[in-house]
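*Asks:* After the sequence you'll find the predicted model.
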Amino acid sequence: MTDATPLLRLRGLTKSYDAHVALHPTDLEVERGDFLALLGPSGCGKTTLLRMIGGFLSPDRGRVEIDGQDVTALGPEQRNTNIVFQSYGLFPHMTVRQNVGFGLRVAKRGRAERDRDTAEILELMHLAPFADRLPAALSGGQQQRVALARALVMKPSVLLLDEPLAALDLQLRKAMQEELRNLHHEIGGTFVYVTHDQSEAMALANRVAVMDQGRIVQEQSPEAIYRHPRTRFVANFIGESNLLAAERKGDTCHVAGTSFPLQGPDGKLTLMVRPSNIRLGRGKAGCPKLPATIAEAVFMGDYWHIRLKLQSGEDLIVHQQQPSGQSKAPQTGGSTTAFWEPADCHVIDET
Amino acid sequence: MSRGASSSRRTVAQIAPAAAVLTVFFLLPGAYFFLVSFWQIKRYKLVRETTLENYVDVVREYLPSIGFSITLALIIAAITTSFAFAIAYLIRFREGRLGTLILFVALTTLFGGYLVKIYAWKTLLGSTGIINQALMLIGVIEQPLDWLLYTPLAVVITLVHFLLPFAILPVHASLRGIADAPVDAARDLGASRFRIFAEVVLPQCETGVVTAFALTFFISVGDYVTAQLVGGPNTLMVGNFMQSQFINRLNAPIGSALAFSTLLATLIVFLALRYGFRLALGGLRR
């Protein structure tokens, strides 16, 4: 076995329920130390995929390899993976300490080792003061940390997390995100994290696999996915975006009453521009300029959310940062010109 | 404050009917027979002289029969609760939609009356019954088995069958309260099926199991009709003696003393068992 073997490798993993295909043949490789987010709307197959990695579901076809070993036929009790459920799955009749020590006891570790490992992880997760409480006496965030501690204490080769923060309120979720990020830095390890929240995926993962209707449609770093979404779905799901119908002829792109040079074959295409990359004003040399009227402007605190009407009738969303000290509201109904740097627009190939 | 007063008044109003029925038909007669158990019959008349003699008689004459009844009831309760648990476990964890059907079938057997079931077993277990006839037909035996009917075994079979649906209900209710995630988590942490059963499932449905056991145990200790009809002349439950004291010998004091002695012994055995069960469950977790 060489070092080039990825820690987790999925090959042609497939799952159907009667006529419904939950997962089309899927390949995925996760390297040691990766924090991979499986991101997608509900029903996209991300949890199905996670449960197959954990051994809770067996695939119709395909293989799951961990550390170069085929574990497809093994149940969760035989795999070196551990999972954190959205509903935590704590044992309600056991104290925090007993919950965390359960796996070690099952693995027949010695008493001293068990006590030491349990105490260590409780300390790391700031749970030591609650060690002898029952889960029902803890807050949601504390219960979440117990579930994490119970999985981490087993030192799994892959830690699986199934929307672990979904049940928490926004503020707690942000705090837990930071804690998770720090935890991953501190103890290393390989995390596979299921979420439907794109900002959570961006905040946590070094790689994101966007899923749609039982397929991984794009799998890259968060930045690459944000900048170069491969499909309309990804462009819409990751951040806000403007998708404009355009046509290319002779290396010139025609869009909403203007044109600019764009290399490539002739044909129809979709242009994507992020609202934060569009500027309003008189325009700039070398930038595509689109005349428009301001249809709506909403103050969002950090920026103005402005909806423009283009000459083609399409909407264009612009997020305009306020220069410091200036607080002039954009005039609804006024004319303006929208423009962007050529590098900031991205061509989505429709197939 | 006024809301507290009115809500407590409402509580009183809500429990009053049940409390009245219980008091008139259970507590008062019970208290009366408790008093009677210290009195005596002399020349066919009830004499109100407080004495412990009835209890001395009970200990001297009926202790073995109390012991026998409790032992038989323990066997019946253990078998019934285990079966009920197995069925409820199937319904909750294995069978999915079929589980609902199993539960429905189990509950429909409640429509068959108590006596109907006893007579059914009498027919099934008899020397010309279907079990003996079938065994003879396929050549397993030549003579009908005479230990099927009119033995303690027949009492056990009949009562287990009769009590099963009553035991399934509380176990099923408590199993339904167990979420999937802790069970999955236990598997994920490497636990075997048995360990999941003993350390994750069982402790969470302790109430249901204890209720099912208590129900079947108490009913079995007190039952005497089954023993009379399928137990034969040598299987006498303590209830049969109570009945004969009250009805044949017209000796309510001894009958009452026997009843309260049995009640006390049954409670002691039950509480000891429950304590042991708790201890065992807690011990597993350490």
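*Replies:* Yep, that arrived. Here the structure is a predicted model, which is why all the values come from computation and not from measurement. Numbers count the residues shown, from 1 in each chain, chains lettered A, B, ... in the order given.

*Asks:* contacting residues for the closest residue to chain A within the stretch 151-286 of chain B?
*Replies:* The nearest approach of the stretch 151-286 of chain B to chain A comes at B:Ala181, 3.1 Å away (CB to the nearest CB). For glycine as for every other residue, the C-beta is placed from the backbone atoms N, C-alpha and C. By CB atoms under 8 Å, 6 or more residues apart in numbering or on different chains, B:Ala181 lies in contact with A:85, A:87-89.

*Asks:* Which of the residues you listed sits closest to A:Arg230?
*Replies:* A:Phe85 (31.0 Å; CB to CB).

*Asks:* Pull the number of nearby residues for that closest one.
*Replies:* Per other CB atoms under 10 Å in any protein chain shown, the neighbour tally for A:Phe85 reads 21.

*Asks:* pretty sure it is touching A:Ala166, no?
*Replies:* No. Under the criterion of CB atoms under 8 Å, A:Phe85 makes no contact with A:Ala166, lying 10.4 Å away.

*Asks:* if I look at the closest residue to A:Ala166 other than its chain neighbours, how far off is B:Lys122?
*Replies:* Spatial nearest neighbour of A:Ala166, excluding adjacent residues (CB to CB, 6 or more residues apart in numbering or on different chains): A:Gln86 at 5.3 Å. Applying CB to CB, to the nearest Å, the value for A:Gln86 to B:Lys122 is 56 Å.

*Asks:* for A:Pro135, same thing?
*Replies:* Distance from A:Pro135 to B:Lys122, by CB to CB: 52 Å.

*Asks:* same question, A:Tyr88
*Replies:* 54 Å.

*Asks:* Show me which of the two is the more surrounded one.
*Replies:* For A:Tyr88 versus B:Lys122, neighbours defined as other CB under 10 Å are more numerous around A:Tyr88 (23 against 16).

*Asks:* Hmm, that one is touching A:Ala147, no?
*Replies:* Yes. Counting by CB under 8 Å, A:Tyr88 does reach A:Ala147; the two are 4.3 Å apart.

*Asks:* sorry, back to before: from the contacts of B:Ala181, which is closest to A:His305?
*Replies:* Distance to A:His305 across those (CB to CB) is lowest for A:Ser87, with 35.4 Å.

*Asks:* Around B:Thr211, count how many other residues there are.
*Replies:* Counted with other CB under 10 Å, B:Thr211 comes out at 19.

*Asks:* With adjacent residues omitted, what lies nearest to it?
*Replies:* In space, and not counting its chain neighbours, B:Thr211 is closest to B:Pro170: 4.1 Å by CB to CB, 6+ apart.

*Asks:* so what pLDDT did that neighbour get?
*Replies:* B:Pro170 carries a pLDDT value of 95.

*Asks:* List the residues that contact it.
*Replies:* Per CB under 8 Å, 6+ apart, neighbours of B:Pro170: B:207-209, B:211-212, B:215.

*Asks:* One more: A:Gly62?
*Replies:* A:10-14, A:25-26, A:72.

*Asks:* Looks to me like it is in a strand.
*Replies:* Yes. Counting by DSSP: H, G, I helix; E, B strand; the rest coil, A:Gly62 falls inside a strand.

*Asks:* Output the set of residues of chain B in proximity to chain A.
*Replies:* B:179, B:181-192, B:195, B:199-200, B:203-204, B:285 (CB under 8 Å from any CB of the partner chain).

*Asks:* Derive a PyMOL selection command for the buried subset of those.
*Replies:* Burial among the residues of chain B next to chain A is assessed by 16 or more other CB atoms under 10 Å in any protein chain shown; the matching PyMOL selection reads:
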select buried, chain B and resi 179+181+182+183+184+185+186+187+188+189+190+191+195+199+200+203+204+285
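
*Asks:* So among the contacts of A:Gly62, which ones count as buried?
*Replies:* A:10-11, A:13-14, A:25-26, A:72.

*Asks:* A:Ile317 and A:Phe339: what is the separation?
*Replies:* Distance from A:Ile317 to A:Phe339, by CB to CB: 15 Å.

*Asks:* Which of the buried ones among the contacts of A:Gly62 sits closest to chain B?
*Replies:* A:Thr72 (16.8 Å).
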